[in-house]
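A.B. asks: Could you work out the structure for the sequence below:
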Amino acid sequence: MARPGVVRWAAAALVATALAGCAHVPDSGPAVPIAVSGGSPGGEASNSSVNTELPGPSGDADTSVRSYVNALLTTRNPGPLGDRYLPTKALRTAFSQIRSVVIVKGDITTSVAPIAAQADTTTATFRADLLGTVDSDGVFQHGENPSWQLQVRIQLVRGNWVFAEPPPIIVKTDQFGTAFSEQTVYYAAAPSAITGTNPRLVVPETRYVNEDISDQPSQLVDYVLAGPSAELSRVAANPLPNIKRTRRVAVEDGDLIIELEPEAESASKEALNAFVAEVGWSLSDSFQGAVRLLVGGRPLDVDGFAATQPQSVWRRYNPAVVSEPGLPAFQIRNGAVRELTPGGNTEPDRPGLKRPILQKGVHSAAVSVDLTRLAIVRDEPGGGQRLWVADASGTLQPTLRAPEIGRPTWGGNRSTVAVPINGRVLEVGVGNVSRPTEVRVIGPGGRSLTDVSAIRLSLDGVRGLVINGEGSTAKLYYGTLTGATGGVLVLTVRELEVDGTPRDVSWYGLANAAVAVEQANGRISVVLAPIDGTPAHSQSSDRSAPFPTTVRIAADPTANPEDSIPLEVGGKIVDYSVNSRPLNPDTPGAAPFYPG
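C.D. replies: Have a look, this model is predicted:
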C-alpha cells in the first residue's frame, strides 16, 4: 500500500493529524521571526479589503443583526467585524479579546425584542442547534445541551443599529474547516503505572486556531505553556507551570529559538527536556534543526541540561512517528497470520515473530509497534478460544481461555496486551496469566461499562477507543487510561457520536477513530470520527452486513497514516481509501490489523 505525504482534512470533513514533512526554512541567514511578543491576539485590528466585502449595519434592527450573521460567513476576524458593528474603541477592544467560538449545526436564527417609541436600545437573540465551542485555548468542547441561545444588547447610533456589547462569534459546521487551522499540540505524559516514573513521552491533542489570526506559531507555543486540556490532564502534565509566556520565538539557521522568562532557570532538567519535546513536536512543521532555549539572550543555564537539543534527542519522545516505509498491515488468512499485501499471501518474516503456531486456527492477532511481540487468539480444538502472548524471547505462550475472546491490542507497550473477554477488559501478559489485571472502563456519570466488545489503545498507550454493547445497543467511546503503580487501571471514557451502529473500531492517525458502522439498511459505512467530537466523515459502502455478520476494520495509527483502511466484511477484505473509493477489489481474508 502506497504511503502518501502529509494527510490533512478540514474538521468538518475528515479530520486527520499529520506531522511528517517540515516546511522549508533557510539553512543560514538572518533570524526569521515566527512570533512577535505583544502582538494583538486577534491579528490585524482592521482589514480594508475584508471591510469592503462585509455587509454593514442599517437603520432596521432586524436587518442589522442578520447582516452580522451574514458577515460571519466572510470572516471571524474581530478587527473588521468590530469596525462595522461596534461603535466605540473600548467595545472593539473587548470584542478582539473574545477567543471562544460557538460551533452550530444548521441555520442561525435571530430575533429582536420590540422597540418602544423613541427608544434607542433593545436586545437581539441568537438561536441555533449547538454542536460545541472552541475555547480560548483552541480546545473543542462538545455541547451537552443542543438548544443554544444568547441575548445581546443593541443600540441605535447615528442612524444604525449596532451592538452595545460584544456579540458571539459563530461558525456553522459546514464552515468549520475553513474557519480554523487544525494543529496538533503535544504535552508531556504524566508519570503513572503505564508511563513509568520519568516518562519520555509526549501525547498529542488537537487544537483549533482561528484562520484569521496571523501569528499562529506563537499561538501554539502559548498553548504548550498553558498546559493540556482538562480531559488530557488526566494523562499529561505541564512541565513548566510557572512560565506563562515567552520573550521571543524565531527560526534562525534552521533552529527553533525560544527565549523564556528568567524563572525557567529554576526548573529541573527533566522538566526542560520535556518542554523541548513538547515545542519541538508542536512546531515540527516550522523548522528542520535543533531546539535552542535562551534566557536574556544567552543559552539557558541549568545543571545537566543541554540548552541546544538536536532532533535526535527530542524526537524519540513520540512513539507515533515511524520511519519509512512505515508499519506493515497484517491479516488472518487460512488460519495463519500474513502480511496484508495485494496478493494477500506474504507470511510474516520479522524478528521475534515466531511461526510454529501461526499456521492454523488463528482467529485474531496483534503485533507490537516495534514488530517484535505477537499476541493471537486461537480457536481451541475442544471448543472456545485461547489467548497466546509472546514472552521476553518472543515465543508465544498460552494464557487465558474463554468461550469467546476479542481482538487484543498492545498500544505502545511490548509486555502486556489489553483484550475484551466476557464484556470486561483484561490486561494480560505472560507474567500475570494466573491473575490478569482488570481495566475498569468508566463511562458517563461514573457508570461502569461491562459489555465491552472492542478496545484499541493508542501508540502512546494512555488513550483508548472502546465499543460497549453488541447489535443495536453498541456505542463508541473515547477516553484516557490512568493508574497508580500497583493500583487498578482505569479507562475513563465519553461517548463519540456516529450515525449508525458501531461494529468495530481502530485508530486512524493520532486523533481519529476509524469506525465500521452499520446503517439502518444493514449496509456498512466507514466513518472517520475525531476523538474530540468535531464532525465525523462517513463514507458509504455497498457492503451489506447486518448483525451478526463479522465486520472488522483496521487503520494506520501513526502520525502520518496510510491512505487506505482495510475493512473485512464476512471473510473478505476491501481496501478503502480516505478519498472515498475502494483501492483494491475484495480479496479473501479476515481480521486485518496494524501494529499497536
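
A.B. asks: quick check: longest helix of the chain.
C.D. replies: Taking DSSP state H as the assignment, the helix of the chain that covers the most residues is helix 269-282.

A.B. asks: Can you name every helix or strand that that one contacts?
C.D. replies: Under the contact criterion of 3 or more Cβ pairs under 8 Å, 6 or more residues apart in numbering; DSSP states H and E, helix 269-282 touches strand 180-189, strand 202-210, helix 216-226, strand 255-260, strand 291-295, strand 308-309, helix 311-314. In short, each C-beta sits where N, CA and C put it, glycine included.

A.B. asks: name the element W507 belongs to?
C.D. replies: strand 501-508 (DSSP states H and E).

A.B. asks: Toward the C-terminus, what is the element adjacent to that strand?
C.D. replies: strand 512-518.

A.B. asks: can you list the weak-confidence ranges in the stretch 1-150 of the chain?
C.D. replies: For the stretch 1-150 of the chain, applying pLDDT under 70 flags the ranges 1-52.

A.B. asks: That one: strands as residue ranges?
C.D. replies: Under the criterion DSSP state E, counting those that start in this stretch, strands of the stretch 1-150 of the chain are mapped to 32-35, 101-112, 121-134, 140-142, 147-157.

A.B. asks: Export those strands as JSON lines, with columns for distance to V526.
C.D. replies: As requested, these are exported to JSON lines (distance: least, Cβ to Cβ, whole Å):
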{"stretch": "strand 32-35", "distance to V526": "38"}
{"stretch": "strand 101-112", "distance to V526": "22"}
{"stretch": "strand 121-134", "distance to V526": "22"}
{"stretch": "strand 140-142", "distance to V526": "22"}
{"stretch": "strand 147-157", "distance to V526": "31"}
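
A.B. asks: one step back: walk me through which strands the strand holding W507 pairs with, and which way each runs.
C.D. replies: If you go by DSSP bridges, strand 501-508 pairs up with strand 512-518 (antiparallel).

A.B. asks: export the partner strand as CSV, just CAs?
C.D. replies: Taking Å, rounded to 0.1, in the frame of the first residue of the first chain, the C-alpha atoms of strand 512-518 are listed here in CSV:
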residue,chain,number,x,y,z
ASN,A,512,-9.3,9.9,14.8
ALA,A,513,-11.3,6.7,15.2
ALA,A,514,-11.8,4.7,12.0
VAL,A,515,-15.2,3.1,12.6
ALA,A,516,-17.1,0.4,10.7
VAL,A,517,-20.7,1.5,11.2
GLU,A,518,-23.9,-0.4,10.3
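
A.B. asks: ok now that strand, how far from the chain's centre?
C.D. replies: 15 Å (Cα atoms, centre = their mean, to the nearest Å).

A.B. asks: outside of that strand, which residues touch it?
C.D. replies: For strand 512-518, the external contacting residues (Cβ atoms under 8 Å, 6 or more residues apart in numbering) are 14-17, 465, 476, 478, 496, 498-508, 524-531, 538, 545-547, 551-555, 565, 567.

A.B. asks: same thing with stretch 94-107?
C.D. replies: Identification of contacts with stretch 94-107 by Cβ under 8 Å, 6+ apart yields 40-42, 45, 76, 78-79, 81-82, 86, 128-137, 140, 146, 148, 150, 166-173, 176, 179, 210, 534.

A.B. asks: If you go by neighbour count, which of these are buried?
C.D. replies: Buried members of the contacts of stretch 94-107, counted by 16 or more other Cβ atoms under 10 Å: 40-42, 45, 76, 78-79, 81-82, 86, 128, 130-134, 137, 140, 148, 166-173, 176, 179, 210, 534.

A.B. asks: returning to what we had before: between the strands of the stretch 1-150 of the chain, which one is nearest to A189?
C.D. replies: Nearest of the strands of the stretch 1-150 of the chain to A189, taken as Cβ to Cβ: strand 140-142 at 21.5 Å.

A.B. asks: For that closest one, which strands pair with it and how are they oriented?
C.D. replies: Using DSSP bridges, strand 140-142 pairs in its sheet with strand 121-134 (antiparallel).

A.B. asks: In three-state terms, label P199 for me.
C.D. replies: coil (DSSP: H, G, I helix; E, B strand; the rest coil).

A.B. asks: Not including adjacent chain positions, what is the nearest residue to it?
C.D. replies: In space, and not counting its chain neighbours, P199 is closest to A189: 4.3 Å by Cβ to Cβ, 6 or more residues apart in numbering.

A.B. asks: Show me what that neighbour is bridged to.
C.D. replies: Counting by DSSP bridges, the residues bridging with A189 are A236.

A.B. asks: Now for it, how many residues are close by?
C.D. replies: Per other Cβ atoms under 10 Å, the neighbour tally for A189 reads 25.

A.B. asks: Backbone torsions only: list them for N432.
C.D. replies: Reported as degrees, to the nearest 10, the phi and psi values for N432 are phi -130, psi 40.

A.B. asks: ok, the closest residue to it other than its chain neighbours to P595 distance?
C.D. replies: Distances taken as Cβ to Cβ, 6+ apart place T416 nearest to N432, at 7.4 Å, with adjacent residues excluded. When distance is defined by Cβ to Cβ, to the nearest Å, T416 is 15 Å away from P595.

A.B. asks: E263 now?
C.D. replies: From E263 to P595 the distance is 42 Å (Cβ to Cβ).

A.B. asks: So for these two, which sits in the more crowded spot?
C.D. replies: Per other Cβ under 10 Å, whichever of E263 and P595 has more neighbours is P595, with 23 against 12.

A.B. asks: Report the contact partners of that one.
C.D. replies: Taking Cβ under 8 Å, 6+ apart, we find P595 in contact with L327, P328, F330, A366, V367, S368, V369, D370, L371, W410.

A.B. asks: quick one: L272 and E265 touch, right?
C.D. replies: No - using Cβ atoms under 8 Å, L272 is not in contact with E265, being 9.3 Å away.

A.B. asks: so P561 is in which element?
C.D. replies: Going by DSSP H and E, P561 is not in any helix or strand.
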